[in-house]
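Asks: 3D model of this:
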Amino acid sequence: MAADSVRTFFEGLDGRVDPAKTAGMTNSYVFDIEGAGQWTVRVEDGAVSAAEGVEDADATISASAETFERIAKGDLNATTAYMTGKLKIKGDMGAALKLQKLF
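Replies: Next comes the predicted model:
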């Protein structure tokens, strides 16, 4: 079930993000979700797109499907997940911090 909900999250991401919150933001991210797959998310001045697969990105975020699902639902704070080792970030930490605008 978790893998399906992660896929659904990325498939509908562009329609859930408020462009006003991401205006002026130009970053790219790879999400490597254990047990669910990998997605590349691009944010370009308010427009958000997500595609399955791995492309060049500013930061890579890795987590289990369960952890990611809890973060996406708001049941787990991303900073807490990072500090406890449940969420891993490689690459541009500044870009990763901007991700809060997407959730």
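Asks: and residue 21, how many neighbours?
Replies: 12 (other C-beta atoms under 10 Å). Quick note: C-beta positions are derived from backbone N, CA and C, even for glycine.
Asks: er, residue 22 I mean
Replies: Counted with other C-beta under 10 Å, the neighbours of residue 22 add up to 19.
Asks: got the contact list for residue 19?
Replies: 46-47 (C-beta atoms under 8 Å, 6 or more residues apart in numbering).
Asks: Just checking: what are the partner strands of the strand or helix carrying residue 50?
Replies: Taking DSSP states H and E as the definition, one finds residue 50 inside strand 47-52. Partners of strand 47-52 in the sheet, by DSSP bridges, are strand 37-44 (antiparallel).
Asks: Buried residues, the partner strand. List them.
Replies: 37-43 (16 or more other C-beta atoms under 10 Å).
Asks: Same check on stretch 72-84?
Replies: Using 16+ other C-beta under 10 Å as the test for burial, stretch 72-84 gives 72, 76, 78, 81-82.
Asks: before we move on, what about stretch 14-29?
Replies: Buried, per 16+ other C-beta under 10 Å, within stretch 14-29: 17, 22, 25, 27-29.
Asks: Grab the most central residue of the chain for me.
Replies: With distances taken as C-alpha atoms, centre = their mean, residue 31 lies nearest the centre of the chain, 5.6 Å away.
Asks: which stretches of this protein have low pLDDT?
Replies: 1, 102-103 (pLDDT under 70).
Asks: how about the helices in it?
Replies: For the chain, the helices defined by DSSP state H occupy 2-11, 13-16, 19-22, 65-73, 78-83, 93-97.
Asks: Next, the contact list for residue 86, please.
Replies: Neighbouring residues of residue 86 by C-beta under 8 Å, 6+ apart: 63-64, 67, 76.
Asks: Export the residues you listed to a markdown table and append columns for distance to residue 9.
Replies: As requested, those are exported to a markdown table (distance: C-beta to C-beta, whole Å):
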| residue | distance to residue 9 |
| --- | --- |
| 63 | 12 |
| 64 | 14 |
| 67 | 13 |
| 76 | 14 |
